[in-house]
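In: Sequence and predicted structure are below.
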Amino acid sequence: MAAALLLSVYIGSEQFGYVDLALYGYLLATVLSILLFTIRIAAWTSRPPARRLWKQGLQMFRSVRGWGFLLRTLYDNIGKQRFISGRSWYRWAQHMLLSWGVLVSFGITYGLVLNWLHFELVDPHTYSVVLFGIPLFRMGVDSTLAFLIYHGLNWTGIAVIIGCLMAMRRREVDRKNLVEQTKDFDIFPLVLLIAISITGSLLTVSAMWMEGRFYTGIALSHQVAVIVFLLYMPFSKFWHIPLRFLGVVVPMYHAAHGPKACSRCGREYATGRQIQDVQAVLEQRGIPVRIGGTDLHMSDFCSECRRVVNRLAASGAAIKLERRGITLQGNGANGLTIASEGGDDRYAAALPER
């Protein structure tokens with residue numbers, strides 16, 4: 001990742017020809033933040049369940065259908081944010097302002113700080129917008145488009161401030177949040193975002209209406225706030241930002257395979273692939289929960305049936321699986337074993353592996 005970032009800066013700045021010296025502090029903090037995020041993502045995906053999930057989910061990218069599903073999932077989960085829209089319009093509006101304000105701010109900041117994007121003066125009245133050394137378009141220095149682009153971080157900052165204030169109000173009036181929230185995990189990130197947005201906007205105020213007064217002090221305050229945020233982010237609540245994007249493989253993973261019916265009640269409760277992967281991960285972890293004398297696994301039951309068969313086994317009652325034509329019983333060691341099959345009890349002494 002470090003090599004990829006260095007190469008991207010080299011290409012974007014046209015062989016380090018357009019590196020902005022004023023952004024060195026931001027650049028170092030951004031690179032370190034991305035590396036810390038990389039470490040966390042690598043650790044997360046190295047766990048057997050997550051690794052198997054990724055392997056299965058990434059197989060969908062081999063087909064056009066998989067890519068179509070990915071785009072629809074990104075639109076629903078990131079664009080419309082349907083995962084939170086059903087709770088309340090207030091929470092949805094708050095989350096939309098915060099998430100899109102932060103994401104667009106990151107897009108602008110990464111582009112400028114990593115030198116992927118810069119502006120070249122074509123003539124005294126025209127700028128050329130250059131991305132990775134490729135001129136995209138030209139715009140007048142005093143045009144409306146230039147004004148909107150120059151102040152992109154101000155617009156996103158306003159959205160972030162409104163979203164943060166809405167979140168802080170909800171944390172103040174919601175009793176559940178008052179009980180569960182912590183200052184370092186729930187409150188500090190909001191205060192830090194507000195500080196970044198306000199100091200960033202004050203830079204514009206100083207430059208446009210105060211003739212540059214206090215600009216150096218404001219710039220230093222803004223840089224400190226941003227660097228603290230970048231280094232704090234991989235270990236904070238904002239870790240869920242990349243996790244939300246990584247999580248798009250979950251619905252893809254579930255949609256790629258057909259449903260599986262419970263071996264006891266017949267109700268569909270998961271996909272066949274998911275159950276196979278659960279069993280494989282448990283085997284890999286050395287904690288198989290097979291049912292002795294059969295090819296069944298406890299994960300072949302839905303959650304309700306797992307509770308029922310465990311209670312029946314604990315009380316010494318027989319457990320009939322009419323769909324399979326077998327009867328189970330407890331094995332005396334917190335597990336199940338076969339009691340009879342088609343009237344034949346020759347498997348009664350069979351024990352599960354664990």
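Out: Structure's in. What do you need? Numbering: from 1, shown residues only.
In: residue ranges for the strands of the stretch 151-300 of the chain, please.
Out: For the stretch 151-300 of the chain, the strands defined by DSSP state E, counting those that start in this stretch cover 259-261, 268-271.
In: looking at the ones you listed, which is closest to Pro49?
Out: strand 268-271 (13.8 Å; Cβ to Cβ). C-betas here are computed from N, CA, C, even on glycine.
In: what pairs with that closest one, and is each one parallel or antiparallel?
Out: strand 259-261 (antiparallel) (DSSP bridges).
In: what is the rounded mean pLDDT of the partner strand?
Out: Per-residue pLDDT over strand 259-261 has a mean of 86.
In: Just the buried positions in it, please.
Out: For strand 259-261, burial by neighbour count (16 or more other Cβ atoms under 10 Å) applies to Lys260.
In: All the strands of the stretch 1-150 of the chain, in order from the start?
Out: Listed in chain order, the strands of the stretch 1-150 of the chain (DSSP E, counting those that start in this stretch) span 117-123, 126-131, 134-140.
In: what about those strands, which gets the closest to Ile218?
Out: The minimum distance between Ile218 and the strands of the stretch 1-150 of the chain falls on strand 117-123, with 22.2 Å, by Cβ to Cβ.
In: Would you mind measuring from the nearest residue to Gly133 once chain neighbours are set aside to Pro135?
Out: With sequence-adjacent residues excluded and distances taken as Cβ to Cβ, 6 or more residues apart in numbering, Gly133 is closest to Glu14, at 4.9 Å. Going from Glu14 to Pro135 by Cβ to Cβ, to the nearest Å gives 11 Å.
In: between those two, who's got more neighbours?
Out: The neighbour count for Glu14 versus Pro135, taken as other Cβ atoms under 10 Å, is higher for Glu14 (15 against 11).
In: Could you tell me the per-residue confidence at that one?
Out: Listed pLDDT for Glu14 reads 88.
In: Could you pull up phi and psi at it?
Out: phi 60, psi 60 (degrees, to the nearest 10).
In: before we move on, what about Leu114?
Out: When read as degrees, to the nearest 10, the backbone of Leu114 gives phi -80, psi 10.
In: That one touches Leu5, doesn't it?
Out: Yes: between Leu114 and Leu5 there is a contact under Cβ atoms under 8 Å: 7.1 Å.
In: who has more neighbours, those two?
Out: Legend: neighbour count by other Cβ under 10 Å for Leu114 and Leu5, higher for Leu114 (21 against 16).
In: Now do that one against Leu21, distance only.
Out: Distance, Leu114 to Leu21, using Cβ to Cβ: 15 Å.
In: List the residues that contact the residue lying closest to Cys262 once chain neighbours are set aside.
Out: Among residues not flanking Cys262 along the chain, Cys302 sits closest, at 4.0 Å (Cβ to Cβ, 6+ apart). By Cβ atoms under 8 Å, 6 or more residues apart in numbering, the contact set of Cys302 is 262, 264-265, 267, 269.
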